[in-house]
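S.K.: sequence isn't available, so here's the structure alone:
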């Protein structure tokens, strides 16, 4: 038919239209939208319906209307029943599939008991360690969070820059607090405490006013009412805002109130402190015990209201004894205030004070000083180098622990990965068959991930149980009182979530590896599995052993340092010396008779009355020394100024470098001083004996004692001077070597005669010395445990790996045996590869360990040398452990009859 | 408890499928209802109803031929199942019973009031 473009018959037009309508397409956007949301089963037929309707409508009412109607239809079809389910339309199926994954996983677990036990055992050990360390870190981080206004409370730090060496102090002058409150509007409250022993704080003998027996208490401090207001400590009895506002009042903790006033309200009751019957204290309030996560922990707070330790003390700017806290008004920028305060306080108070004392270098010295405000919740972890006499944590330790935990977890995960891939031979056929039957790779990945989750959850359950078993031991190690936070709602879901995450990460490599097998190769049976990924597995073994060796070396070095500390020549003799504390109760006269009576005992060599002992925890002070006459021109030498008696140097076994000891016969010795070598050096005295030095008065130097360590070995020996005088709280007794028990019995007997009301407290000097290094010892123990952990987990992995390797090479070994290989040949064949890995690990670990541990040792001024034999020992040890682990399997393989492995050929 | 659940629109669809007998697919059902009952039926409402009826087991479907107007998409033909037939009968009888139970007077009165 000839078509006329100008127009044709009606029929022709009609056909034309029909053609057009068939070629025009419905709006594509809506069509695509429809295809996207529609259930795949319905998609075709409904799309057909829509298209058919669309074409009819074009004929009926034109394209525009048809488009519109089409769009409306598509939108109206967007409803339940037509839309496909979100997880894909297999959703009914996946539940069953997951069930099957777990079932297969469980069967595998049961089938290979040894492997599963090692997998789960290693994993749960690692998890237990991580949980414990996690608890520790959590506890460290939760310090000082409990004050209602914690974010506004700051501790004032005085920082002095001594040629690049920062000295940070917390002690300030008594009027400092008031001055700050008056001068700075940003400050809402200022409060102080004072636990300096000199003032009768820190420790004391306490009793109820209506009783005779004294009890010894160790955590006593003077405290401002304002400091109570700042911390808002929770009260059990009494009015928090008035508890310390009256003179001679005190606040005690609940547990101490129970001790002194069981089952009664102690408000208003009287306590006598240090036998001072003239000034009894009345109980103004009872607070809850300070929580373990508080940087301040006291049992008795004595009021500072109306207290003056000497005439004019509270207004004098001479002496710094008060740690001072401020509470800022809301919204104050504390850094800004810090700058303002530094300038203001120094100019207004410190410089005039120093000028008044006649110091010409006041301006010079002030330039090196500034004030800092330390947020209260940073005190526990960020007080490195702050001299505040409190026990601190250290953010470095938190990091150290966190990284150890991380490493242990990684080692455990590596084990898991290693064992999973090593065992792949057994799963290869399963994978092949699954693929042939139609499983997608993603299904297989899911399957192996599900299996790994199963292992992980099991390990977490066991790990949690292990952790709760080990917690008491760990608490001793870390000297904490941690508990598993089972009571918190987030704990169980948190652990479960963690187990899923860890399981996922541990399982992700094995599942991709296992699911990558080609079905044809696997089912043909000629895929040499295991060897394919052996380089990766070797790398993982190297990693594990590197960590283990680092920890072993660390342990050795810590113990060597501890040995060095214990055995170092200190300049005094700490053995066979016991000392009695609290002897000032006898009074000055009786104490001398007591000393004479002690000397009559046969095993007592010498006795000395003096509070200043060369171990921490006994009395210390600070004085500024000059060569006489130079106090206005020279920089002062700060040093200790100890009051001792004639027998002190003898009892402590110190040696004179030059000059002589104090002599009873020389009456002029009351003006004499014995200094240590460091003091002579600092003062620039070449010929010290015969020279005169001064602090607040002048002294004749009669002798120089050899330097002895009276502070921790972490510090240099400082300058010190000794003069005759009475400091009666401590009596030290040097015993002859034999029979200490007997000596103690007679000494206690004698004490009872002198002071029937007061129990005797005695310590051994060497033990007190060792206690100074508790932290080192604890660190050693912690490292030992972690090294043990790491090596066990690594060995578990190695054991299983070697078992796998023996299994893989069973036929080869069989053939070798048949051909005449000896036991030695076989064992060497099987072990040498692993030994190579350990050697590589050692080469990696040694420098790392050396570097890390020398950083740690830098804390000590006096430290043991790190010598090569430590590394050699650690290397040999790890080699032996690895060899022992591997050779068990190797020897078993070598002794097995070749018939069993070759039978099937 | 009701033995068979059949909504009003569902019943109409069932009946129409019955009427169309061998030619009951989306578009024809829609047209038939629109013609006979002179009411608009959206594709969405119809398809949902068909799906529901199929799920209940009252209808079954088979794929038919693909034609040019449908851009090569097959038609989906519906057919009443035995269960569907019973459901329809059940609905019908219950209705009739109800009709029969109405006293003549009530109806008369109502007519009278108009």
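M.R.: Sure, I can see it. The shown structure was predicted, so the numbers you read here are calculated from the model rather than taken from an experiment.
S.K.: chain B against chain A: which residues are in contact?
M.R.: Proximity of chain B to chain A, by CB under 8 Å from any CB of the partner chain, involves residues B:25-27, B:30, B:42-45, B:47-48, B:51-52, B:63, B:66-71, B:73-76. Bear in mind the C-beta positions are built from the backbone N, C-alpha and C, glycine included.
S.K.: need the buried ones from the residues you listed selected in PyMOL.
M.R.: Applying 16 or more other CB atoms under 10 Å in any protein chain shown to those leaves a buried subset, and the PyMOL line that selects it is:
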select buried, chain B and resi 25+26+27+30+43+44+45+47+48+51+52+69+70+71+73+74+75+76
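S.K.: so how far is residue B:53 from the closest residue to chain A within chain B?
M.R.: Taking CB to the nearest CB, chain A has its nearest neighbour within chain B at residue B:73, 2.9 Å off. Residue B:73 is 21 Å from residue B:53, where distance means CB to CB, to the nearest Å.
S.K.: ok, residue A:729 to chain B distance?
M.R.: To chain B, residue A:729 is 93 Å away according to CB to the nearest CB, to the nearest Å.
S.K.: need phi/psi at that residue.
M.R.: phi -80, psi -30 (degrees, to the nearest 10).
S.K.: which SS class is residue A:631?
M.R.: What DSSP: H, G, I helix; E, B strand; the rest coil gives for residue A:631 is coil.
S.K.: who touches the closest residue to it other than its chain neighbours in this structure?
M.R.: Excluding its sequence neighbours, the residue lying closest to residue A:631 (CB to CB, 6 or more residues apart in numbering or on different chains) is residue A:694, at 6.4 Å. Residues near residue A:694 by CB atoms under 8 Å, 6 or more residues apart in numbering or on different chains: A:625-629, A:631.
S.K.: do you know the pLDDT at residue A:756?
M.R.: If you check residue A:756, the pLDDT there is 73.
S.K.: report how many residues lie close to residue 24.
M.R.: Chain wasn't specified; assuming chain A. 13 (other CB atoms under 10 Å in any protein chain shown).
S.K.: look at chain B instead
M.R.: Neighbourhood size, residue B:24 [other CB under 10 Å]: 23.
S.K.: verify the contact between it and residue B:16 for me.
M.R.: Yes - the pair residue B:24 / residue B:16 is scored as a contact, 7.1 Å apart, by CB atoms under 8 Å.
S.K.: circling back: which residues touch the residue of chain B closest to chain A?
M.R.: Applying CB under 8 Å, 6+ apart to residue B:73 gives the contacts A:44-45, A:47-48, A:51, B:66.
S.K.: how near is it to residue A:70?
M.R.: As judged by CB to CB, residue B:73 and residue A:70 stand 14 Å apart.
S.K.: please identify which helix or strand holds whichever residue of chain A sits closest to chain B.
M.R.: For chain A and chain B, the shortest gap (CB to the nearest CB) falls at residue A:48, measuring 2.9 Å. Here residue A:48, judged by DSSP states H and E, is contained in helix A:40-77.
S.K.: and residue A:548, by the same measure?
M.R.: helix A:534-567.
S.K.: could I get the average pLDDT for that helix?
M.R.: Across helix A:534-567, pLDDT averages out at 86.
S.K.: which strands and helices sit next to that helix?
M.R.: helix A:395-422, helix A:774-808, helix A:823-857, helix A:868-895 (3 or more CB pairs under 8 Å, 6 or more residues apart in numbering or on different chains; DSSP states H and E).
S.K.: re the thing from before, would you mind measuring from the residue of chain A closest to chain B to residue B:71?
M.R.: 7 Å.
S.K.: repeat for residue A:611
M.R.: The gap separating residue A:611 from residue B:71 is 104 Å, by CB to CB.
S.K.: with residue A:607 instead?
M.R.: Note on residue A:607: its distance to residue B:71, by CB to CB, is 114 Å.
S.K.: wait, what's in contact with the closest residue to the residue of chain B closest to chain A other than its chain neighbours?
M.R.: Nearest non-adjacent residue to residue B:73, counting by CB to CB, 6+ apart: residue A:48, 2.9 Å away. By CB under 8 Å, 6+ apart, the contact list for residue A:48 reads B:26, B:66, B:70-71, B:73-76.
S.K.: strands - which of those land there?
M.R.: B:66, B:74-76 (DSSP state E).
S.K.: which of these sits closest to residue A:339?
M.R.: Distances from residue A:339 to those, taken as CB to CB, are shortest for residue B:76 (81.4 Å).
S.K.: what's around the residue nearest to that closest one when sequence neighbours are not counted, how many residues?
M.R.: Among residues not flanking residue B:76 along the chain, residue A:45 sits closest, at 3.5 Å (CB to CB, 6+ apart). Residue A:45: 22 surrounding residues under other CB under 10 Å.
S.K.: same check, this time on residue A:876
M.R.: 11.
S.K.: mind listing what's buried along stretch A:69-76?
M.R.: A:69-71, A:73-74, A:76.
S.K.: where do the strands sit along the stretch 451-600 of chain A?
M.R.: Under the criterion DSSP state E, counting those that start in this stretch, strands of the stretch 451-600 of chain A are mapped to A:577-581.
S.K.: low-confidence ranges in it?
M.R.: Along the stretch 451-600 of chain A, the model assigns pLDDT under 70 to residues A:525-533.
S.K.: residues from it in reach of chain B?
M.R.: Residues of the stretch 451-600 of chain A that fall close to chain B, judged by CB under 8 Å from any CB: none.
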